[in-house]
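[1] Any chance you could fold what I've pasted below:
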Amino acid sequence: MHIAIAGNIGAGKTTLTGMLAKHYGWTPHYEDVDENPYLNDFYEDMQRWSFNLQIYFLNSRFNQILDIHNSGATVIQDRTIYEDAEIFAPNLHAMGLMSTRDFQNYSSLFQLMAKLVKAPDLMIYLRASVPTLVNQIQLRGREYESSIRIDYLKQLNERYEAWISRYKEGKLLIINVDKIDITNNPEDLSGIIDKIDASIHGLF
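    From the prediction side, this is the model:
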């Protein structure tokens with residue numbers, strides 16, 4: 001089975017992925033952040049490096065999905081291939097940070113890949129307001145994220161909501177993270193686990 005967690009920068013995807021992997025004994029697949037050779041350059045000069053970064057993410061996530069399908073294990077994935085194509089690349093294009101030529105090239109490649117992969121059995125979307133995102137980004141203190149602008153997070157949030165409203169590829173569970181604290185409140189995590197149990201049992 002393939003479970004995926006989607007959400008904006010700072011929504012808590014990695015934290016929840018680790019906690020659910022531990023609880024269920026699932027295999028976690030994390031976003032390739034630390035090994036990403038473009039991320040620092042991108043945040044310093046988005047226009048120059050946007051296409052390179054998005055192609056790197058697309059390649060990395062496509063390989064992840066192939067590994068997941070071939071593993072035979074139940075895997076929980078931190079961020080999905082859909083988010084790059086539905087949220088991040090279109091937003092960069094709309095902001096004038098990715099040329100139309102590059103965006104069309106990227107979109108064509110994604111459409112090809114999308115035909116070759118199966119959607120997750122369960123998509124968990126972490127919905128978070130911009131203040132929550134900012135707070136959690138500051139708490140984790142990644143240097144390259146210190147320059148992320150509020151309007152950028154807001155634009156991404158709007159695109160996430162638009163994508164989720166039309167998501168029909170598989171089963172979807174939406175969790176509002178503004179009102180919960182899974183790190184410090186075990187009851188909040190238990191509530192999420194109950195919802196996941198109900199969703200998973202509905203898959204069979």
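[2] So residue 101 versus residue 46, what's the distance?
    Using C-beta to C-beta, to the nearest Å, residue 101 is found at 17 Å from residue 46. All C-beta atoms are positioned from the backbone trio N, CA, C, and that covers glycine.
[3] ok, residue 25 - how many residues close by?
    Neighbourhood size, residue 25 [other C-beta atoms under 10 Å]: 9.
[4] picking that back up, could you check which of residue 101 and residue 46 is surrounded by more residues?
    residue 46 (17 against 9).
[5] Can you give the distance from stretch 159-169 to the centre of its chain?
    Distance of stretch 159-169 from the chain centroid (C-alpha atoms, centre = their mean, to the nearest Å) equals 13 Å.
[6] do stretch 46-56 as well
    Chain-centre distance of stretch 46-56: 17 Å, with C-alpha atoms, centre = their mean.
[7] which residues touch that stretch?
    36-39, 41-42, 84, 88-89, 92, 95-99, 102, 105-106, 109 (C-beta atoms under 8 Å, 6 or more residues apart in numbering).
[8] and if you look at stretch 114-121?
    1-4, 62, 65-66, 69, 77, 80-82, 85, 169-171, 203.
[9] repeat that with 6 Å
    For stretch 114-121, contacts defined as C-beta atoms under 6 Å, 6 or more residues apart in numbering pick out 1-2, 4, 65, 169-170, 203.
[10] same thing with stretch 192-204?
    121-122, 171, 173, 175.
[11] Tell me which residue lies nearest the centroid of the chain.
    Centroid-nearest residue in the chain, with C-alpha atoms, centre = their mean: residue 79, separated by 2.7 Å.
[12] these two touch, right, it and residue 30?
    No - Residue 79 is beyond contact range of residue 30, at 8.7 Å (criterion: C-beta atoms under 6 Å).
[13] Which other helices and strands does the one helix or strand residue 15 maps to contact?
    Taking DSSP states H and E as the definition, residue 15 sits inside helix 13-24. Other elements packing on helix 13-24 under the criterion 3 or more C-beta pairs under 6 Å, 6 or more residues apart in numbering; DSSP states H and E are strand 2-7, strand 75-78.
[14] Could you check the angle the longest one makes with helix 13-24?
    So the one you mean is strand 2-7. For strand 2-7 against helix 13-24, the angle by axes from the mean of the first three to the mean of the last three C-alpha atoms, to 10 degrees is 150 degrees.
[15] And the longest helix seen in the chain, what's buried?
    Longest helix of the chain, by residue count under DSSP state H: helix 46-71. Going by neighbour count (16 or more other C-beta atoms under 10 Å), the buried part of helix 46-71 is 46, 49-51, 53-58, 61-62, 64-65, 68.
[16] Okay, now the unreliable bits of the chain?
    33, 141, 143-147, 203-204 (pLDDT under 70).
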